[in-house]
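In: Structure of the sequence below:
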Amino acid sequence: MPFNLPIFLTWLRVGLIPVFVIVFYLPDTWLAPRSANLLAALIFAVASITDWLDGYLARRLGQTSSFGAFLDPVADKLIVAAALILLVDQGRTYAWLAMIIIGREIAISALREWMAEMGKRKSVAVATIGKLKTSAQMAAILLLLFFEPLIPGVSTLLVGNLFMVVAAILTLWSMVYYLRMAAHEFSGK
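Out: Numbers count the residues shown, from 1 in each chain. Just a heads-up that it's a prediction; the model follows:
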């Protein structure tokens, strides 16, 4: 297993998951709920930035590896799943939205792994629709974690859940896109 800065950043993202979860379950006497919301949002923001940064650095520094290509999406899915489960537990979003997003992540990860075994990984490479889905999902999660109004009178709960609905729609759309790309590979058309 190679160890370099991009892989360190990916492992950092994995290591932030328990810290991120613990923040929400600390007693109010240790960390006020408002502070916990801010800290959790900051931890998730750092994790999101390292998601972009590790890939950028791996390409820029010529430090791409099979292990990094495997670990990066796993780290992404773990922190997103942890955040979604936590948000459902806190009553900030709907379980059905979280299930759509987590279910798609598992299905598409399995599809990518299967396609990679067949030497056709590029046919299900990340597309623009997947990037749009990720952007909407990250915005939703950050807003729902922060939980405080950004603008007086504008509920982050409402706006965050609107972004979650957009993310769920893009999640389903991107899943159909990737499944069609895979089917196209097998049909030979």
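In: Closest to the centroid, which residue in the chain?
Out: In the chain, the centroid-proximal residue (Cα atoms, centre = their mean) is residue 80; its distance is 3.9 Å.
In: That one: what's it in contact with?
Out: Residue 80 makes contact with 101-102, 105, 137, 141 under the criterion Cβ atoms under 8 Å, 6 or more residues apart in numbering. Every residue, glycine included, has its C-beta placed from N, CA and C.
In: right, and the pair among those with maximum separation?
Out: Within those, two members stand farthest from each other by Cβ to Cβ: 105 and 141, at 13.2 Å.
In: ok, those two, which is more surrounded?
Out: Shown here are residue 105 and residue 141; by other Cβ atoms under 10 Å, residue 141 has more neighbours (28 against 20).
In: ok, for that one, nearest residue in space, not its chain neighbours?
Out: Closest residue in space to residue 141, ignoring its immediate chain neighbours: residue 83 at 4.9 Å, by Cβ to Cβ, 6 or more residues apart in numbering.
In: And the helix or strand encompassing residue 161, what's buried?
Out: Assigned by DSSP states H and E, residue 161 belongs to helix 156-187. Residues 156, 159-161, 163-164, 166-168, 170-171, 174-175, 177-178, 181-182 are the ones in helix 156-187 that count as buried (16 or more other Cβ atoms under 10 Å).
In: Quick one: mean pLDDT for it?
Out: The predicted model assigns helix 156-187 a mean pLDDT of 88.
In: what packs against that helix?
Out: In terms of contacts (3 or more Cβ pairs under 8 Å, 6 or more residues apart in numbering; DSSP states H and E), helix 156-187 is packed against helix 95-117, helix 128-146.
In: Point out the most buried one among those.
Out: Most buried of the helices and strands packed on helix 156-187 by mean neighbour count (mean count of other Cβ atoms under 10 Å) is helix 128-146; its value is a mean of 20.
In: ok, and what's touching that helix?
Out: The contact list for helix 128-146 (Cβ under 8 Å, 6+ apart) reads 37-38, 40-41, 44-45, 48, 80, 83-84, 87, 92-93, 101, 150, 156-157, 159-164, 166-167, 170-171, 173-174, 177-178.
In: Many thanks, I have nothing further to ask.
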